[in-house]
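Participant: Quick one, what's the 3D model for this:
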Amino acid sequence: MGTIIEQLAGFSAGTRFEDIPAAIVEESKRLVLDSIGCALAAIDHPKGRIGIEYGSLVAGQGSATIIGAPQRASVLGAAIANGELINALDMDAVVPPGHVTPYVLPGALALAETANASGRELIRAVAVSHEMSWRIGKAMDYLRDMKDGQLDTPKVFGFASTVFGATAAIAMLQRQGADTLAHSLSIAGYISPVQSMMAFFHHAPATTIKYTMAGAVVQSAVMAAHMGLLGHRGDMQLLDDAEHGYARFIGTSRWAPERITTGLGEHWGFAAEQLYKRYPHCRVLHGPLDCLAEIVERHDIRPEEIDGIDLLVEGFVEKPTWLTRDIRHVNDAQFSIAHGMAIGAHRLKPGRDWQDPGQVFSPSVLGLMQKVRHRVHPDYLKELSAHASARPSRVEVRARGQTFVAERLYPKGSPSPDPANLFSTGELVAKFHANAEGVLPRGRADAIVEAVMELDGGRAGAAALMALTANSNA
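Facilitator: Model (predicted):
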């Protein structure tokens, strides 16, 4: 059977494309498309721009594509830049333990491109890396854990554990055998970034690197895969020893390793909890934003007509990052409850416009912020206990001497009892085009969609896809 590290390595090296269920293949393609779109929309965002600039400096020149940029970079540089770009707007997909794709996809894209890997090889790496990240995340503390009917938020948390999935994806594209891959995975654990998310939540103004910096995880994963390939020895006991191994030094109080290994290679679980984001804002506000959009669009309410916005939101938000009204950087706007509702009321197309400094700091938005009040939804814990995706939300907009009300239990894009609540592939394609607009010509964007959707057909390779994402006019 082997240790957990050895089982994960066997899963990575031994999974053939033909072993992956069709639904997981489709979900992997959807993740690639959504992530490329998020990156394209972020090329002028400060976090995205810094990622491009730093990625262009790392390890000299190379042949790997930075999405939306004209220059090419080393594998490491392009992977770092693309990780920062995908996550810059906070519009990328979410699956336990949280944001996963900006950490596990960039290295895979860079390696697949430079190794001239097939589309099927890329999809295989995407599927395995997400499944591994989900399984390890489920074995650890979770942000919305409950105890005795109350929220039991962990004292230490972050997305650093995605370094294993990120390393696996790279190693698979390097065609590492299971023995070598096991060493690579162990090295990844040893050089894993720390779990810094709670500092981000509790300190305002918050750092602009956010909860866990994508570039840091990507860099660790690239190094780990190469070090294993070059002959460094790992520690096969790293995930088995709860007292002295990864679980202890990464700070999780819960360690349920059976969640990692049970059904590994036979049951694929990540897609059932995968969700996509409509708005470039922290997911905690998506339910209220859905309600707000319903109200202002149905009744054609203009921002200047609004006398007040009252909302009920999930109980996780009573921390400085979400409570801030002191907007100093566009990054602050991605998390502030008051700012998010104020900019949502302006009916901007979700995407880069929400992060445009002219919109973020406009007198109209900043003024409307002062009219936003929130309380924790009284049914939050009850609904969360009944369904992990439940985020009960209620919004009241006072305007024209009336009060307009909307309520939702599940934000759009989340798994729920209603399959229509999920983002269809058509809706994801529309989101992609909205994000690519103004960065790439429509014909090029159409070609990217076609190339992604044909990755499993054998006609489109990773190099051809990535070449389409470069912006020769940037």
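
Participant: Contact partners for the residue lying farthest from the centre of the chain?
Facilitator: Centroid-distance maximum for the chain: Gly401 at 40.5 Å, with CA atoms, centre = their mean. For Gly401, the contact set (CB atoms under 8 Å, 6 or more residues apart in numbering) is empty. In this view, the C-beta of every residue, glycine as well, is placed from N, C-alpha and C.

Participant: what separates it from Arg373, distance-wise?
Facilitator: Using CB to CB, to the nearest Å, we find Gly401 at a distance of 19 Å from Arg373.

Participant: Spell out the secondary structure type for Ile187.
Facilitator: Under DSSP: H, G, I helix; E, B strand; the rest coil, Ile187 falls in the helix class.

Participant: cool, and Thr403?
Facilitator: With three-state DSSP as the basis, Thr403 sits in strand.

Participant: contacting residues around it?
Facilitator: Glu396, Val397.

Participant: next one: Pro97
Facilitator: Pro97 makes contact with Ser133, Trp134, Ile136, Gly137, Lys138, Met140, Tyr142, Phe159, Ser161, Thr162 under the criterion CB under 8 Å, 6+ apart.

Participant: swap in His130?
Facilitator: Ser28, Leu31, Val95, Val100, Thr101, Val104, Gly165, Phe270, Gln274.

Participant: ok, back up a step: and the pLDDT at the residue farthest from the centre of the chain?
Facilitator: pLDDT for Gly401: 97.

Participant: can you check Asn473 too?
Facilitator: Confidence score, pLDDT, at Asn473: 66.

Participant: do Val58 as well
Facilitator: Among the per-residue scores, Val58 shows a pLDDT of 84.

Participant: next one: the one 5 residues further on
Facilitator: Taken from the predicted model, the pLDDT recorded for Ser63 is 92.

Participant: cool, and the one 4 residues further on?
Facilitator: Turning to Ile67, the model gives it a pLDDT of 98.

Participant: Sticking with it, tell me its helix or strand.
Facilitator: Counting by DSSP states H and E, no helix or strand carries Ile67.

Participant: mind starting the numbering at 58 from now?
Facilitator: Yep, numbering from 58; the last one is Ile124 now.

Participant: In three-state terms, how would the residue nearest to it when sequence neighbours are not counted be classified?
Facilitator: Excluding the flanking residues, the one nearest Ile124 by CB to CB, 6 or more residues apart in numbering is Ala96, at 4.1 Å. Using three-state DSSP, the structure places Ala96 in helix.

Participant: Ala96: what's it in contact with?
Facilitator: The neighbours of Ala96, taking CB under 8 Å, 6+ apart as the test, are Gly105, Ile124, Gly125, Asn139, Leu142, Ile143, Ala145, Thr526.

Participant: who wins for most neighbours among those?
Facilitator: Highest neighbour count within the contacts of Ala96: Asn139, with 35 neighbours (other CB atoms under 10 Å).

Participant: That one contacts Ala165, doesn't it?
Facilitator: No - using CB atoms under 8 Å as the test, Asn139 is too far from Ala165 to be in contact (10.1 Å).

Participant: Excluding covalently adjacent residues, which one is nearest to Gln276?
Facilitator: Nearest to Gln276 is Ile137, by CB to CB, 6+ apart, at 5.9 Å.

Participant: which element is the one you found on?
Facilitator: Per DSSP H and E, Ile137 falls inside helix 132-145.

Participant: which residues are contacting the helix or strand just after that helix?
Facilitator: Next in sequence after helix 132-145, counting helices and strands by DSSP H and E, comes strand 151-152. The contact list for strand 151-152 (CB under 8 Å, 6+ apart) reads Val157, His187, Ser190, Trp191, Gly194, Phe327, Glu330, Gln331, Leu332, Tyr333, Lys334, Arg340.

Participant: the helices in the stretch 358-507 of the chain, which residues?
Facilitator: 377-380, 394-401, 414-417, 420-426, 437-443, 482-493, 499-510 (DSSP state H, counting those that start in this stretch).

Participant: err, the stretch 208-357 of the chain, not the other one
Facilitator: With DSSP H, counting those that start in this stretch, the ranges of helices along the stretch 208-357 of the chain come out as 219-230, 235-247, 254-259, 271-287, 303-306, 315-318, 343-355.

Participant: Make JSON lines from those helices and add distance to Lys204, mean pLDDT and mean neighbour count to it.
Facilitator: Compiled in JSON lines, the helices of the stretch 208-357 of the chain are given as follows (distance: least, CB to CB, whole Å; pLDDT from 0 to 100; neighbours: other CB atoms under 10 Å):
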{"stretch": "helix 219-230", "distance to Lys204": "25", "mean pLDDT": "98", "mean neighbour count": "32"}
{"stretch": "helix 235-247", "distance to Lys204": "27", "mean pLDDT": "98", "mean neighbour count": "24"}
{"stretch": "helix 254-259", "distance to Lys204": "17", "mean pLDDT": "94", "mean neighbour count": "17"}
{"stretch": "helix 271-287", "distance to Lys204": "29", "mean pLDDT": "98", "mean neighbour count": "25"}
{"stretch": "helix 303-306", "distance to Lys204": "19", "mean pLDDT": "96", "mean neighbour count": "19"}
{"stretch": "helix 315-318", "distance to Lys204": "18", "mean pLDDT": "98", "mean neighbour count": "16"}
{"stretch": "helix 343-355", "distance to Lys204": "24", "mean pLDDT": "98", "mean neighbour count": "21"}
